[in-house]
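Student: The following block contains a protein sequence and its predicted model.
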Amino acid sequence: MQYVKLGNSGLTVSRLCLGTMNMGTPKWKPWIFDEQQSEPIVRHALDSGVNFIDLADFYSTGVGEEVVGRILNRIGHRDELIITTKVGYAMNDGVNASGHSRKHILGSIDDSLRRLGMEYVDIYMLHFFDINTPVEETMEALNDLVRSGKVRYLGVSTMYAWQLAKILHVCTLEGWSHPINMQLQLNCAYREEEREMIPFCQDQGLGISVFSPLARGLLTNDLQSNRNQTDFFTAEMYSDETSRAIAYSVAKVAEARECSPAQVAQAWVLGKPEISSMLVGADNTAQFDSALAAMEIQLSEEEVYELERNYTPCDVINDYTAGKRISRTPRPAQGRFAA
């Protein structure tokens, strides 16, 4: 396993981070594993040197934290682990049961710690940028959690660069704890974060952890998987012709290398020095071993060109564009121009 400092902080994390969205209860989504199915994957990741574990209260509506927490408390050593969980998405129908208000944040951390069976989390992460709550209210509440000892560091995820700039500005102005990590989506088929967010994080000293390196399964070239058949986000984000062309290029490079398309897609992410850690949401130990092998792959300039040559700009993927994104394919003419 390879390890890096997370941004300008003193925290050392494994370059592979175990993603746990697929752990909890299948009552939430059909592709979720229960505790018995999840434990071998978690155990194998820890045995392989992973110390970075990514969770969220939203996963399986809290059951994910319960399941992974019990497993880690059985087989892990808490002091050696970097546990991150997220807050923001609705946990029930209550009017204050979502977002980043002081009320929701302070209640959510206690709920997460109870479910995890732990006294603190290493990184507490905003799951998105809450446009309905003053950023000062949010960051003061998070700073209070750091001072209380319930949270060691702060993190953020999936927002515009200007929103992160607001967060950093108010933290500097008030002398509050700054986020040390940005978690964002990046893969061969989605690279919009390379324009503003990644350079800004580098400039400001934030570590960058990447989720969905396989474009929600598209880049495995296995469109018949249970995840791809039941996760509507895959179709919403990656159903255009450009994404399919990129997946075909990934498959061509993999065939020439005699390895799996997943390893090529992961090697492309891991080959970027600005990326601190890559999330791996493995369905079995073999898939995790595949990601381990991807760390050793050095793509040539010719291979990188083939992987990148089809890319064209697209709408940013975040909470604010869900269901409204414009496809990369031309939209049909309307009105008097349709003729």
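Tutor: Structure received. This one's a predicted model, so the numbers in the text were calculated from it and none came from an experiment. Numbers count the residues shown, from 1 in each chain.
Student: wait, Y3 sits on T12?
Tutor: Yes. Assessed by CB atoms under 8 Å, Y3 is found in contact with T12 at 5.2 Å. From N, CA and C alone the C-beta is placed, and that goes for glycine too.
Student: give the contact list for M278.
Tutor: M278 makes contact with R15, L16, C17, S209, V210, P213, Q266, V269, L270, A291 under the criterion CB atoms under 8 Å, 6 or more residues apart in numbering.
Student: buried ones in the longest helix seen in the chain?
Tutor: Assignment by DSSP state H gives helix 241-257 as the longest helix of the chain. Residues of helix 241-257 classed as buried by neighbour count (16 or more other CB atoms under 10 Å): T242, S243, R244, I246, A247, S249, V250, A251, V253, A254, R257.
Student: Just the residues contacting the very next helix or strand once past it, thanks.
Tutor: Downstream of helix 241-257, the next assigned helix or strand under DSSP states H and E is helix 261-270. Contacting residues not belonging to helix 261-270 are listed as 15, 186-188, 210, 213-215, 219-221, 247, 250-251, 253-254, 257, 275, 278, 280, 287, 290-291, 293-295, 297-299, 303-304, 307 [CB under 8 Å, 6+ apart].
Student: same for the helix or strand harbouring L173, what does it pack against?
Tutor: Per DSSP H and E, L173 falls inside helix 161-174. The contact analysis (3 or more CB pairs under 8 Å, 6 or more residues apart in numbering; DSSP states H and E) places helix 161-174 against helix 135-148, strand 179-185, helix 197-204.
Student: Can you tell me which of those is packed in deepest?
Tutor: Ranked by mean neighbour count, these are led by strand 179-185 with a mean of 24 (mean count of other CB atoms under 10 Å).
Student: Adjacent strands (with direction) for that one?
Tutor: strand 151-157 (parallel), strand 207-211 (parallel) (DSSP bridges).
Student: JSON lines please, covering the ones you listed and showing mean neighbour count.
Tutor: Converted to JSON lines, the strands paired with strand 179-185 look like this (neighbours: other CB atoms under 10 Å):
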{"stretch": "strand 151-157", "mean neighbour count": "24"}
{"stretch": "strand 207-211", "mean neighbour count": "24"}
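Student: Redo these as JSON lines? Include mean pLDDT.
Tutor: Below are the strands paired with strand 179-185 laid out as JSON lines (pLDDT from 0 to 100):
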{"stretch": "strand 151-157", "mean pLDDT": "98"}
{"stretch": "strand 207-211", "mean pLDDT": "98"}
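Student: any chance of those strands in a markdown table, with distance to N318 too?
Tutor: Converted to a markdown table, the strands paired with strand 179-185 look like this (distance: least, CB to CB, whole Å):
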| stretch | distance to N318 |
| --- | --- |
| strand 151-157 | 9 |
| strand 207-211 | 13 |
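Student: Verify the contact between T84 and L55 for me.
Tutor: Yes. Applying CB under 8 Å, one finds T84 in contact with L55, separated by 6.7 Å.
Student: And the two? Which one has more around it.
Tutor: L55 (27 against 24; other CB atoms under 10 Å).
Student: how far away is the more buried one from V87?
Tutor: Distance check for L55 against V87: by CB to CB, to the nearest Å, it reads 11 Å.
Student: Hmm, C171 is touching A165, no?
Tutor: No. Between C171 and A165 there is no contact under CB under 8 Å: 10.9 Å.
Student: what about the two, which has more around it?
Tutor: A direct count of neighbours by other CB under 10 Å for C171 and A165 places C171 higher, at 20 against 13.
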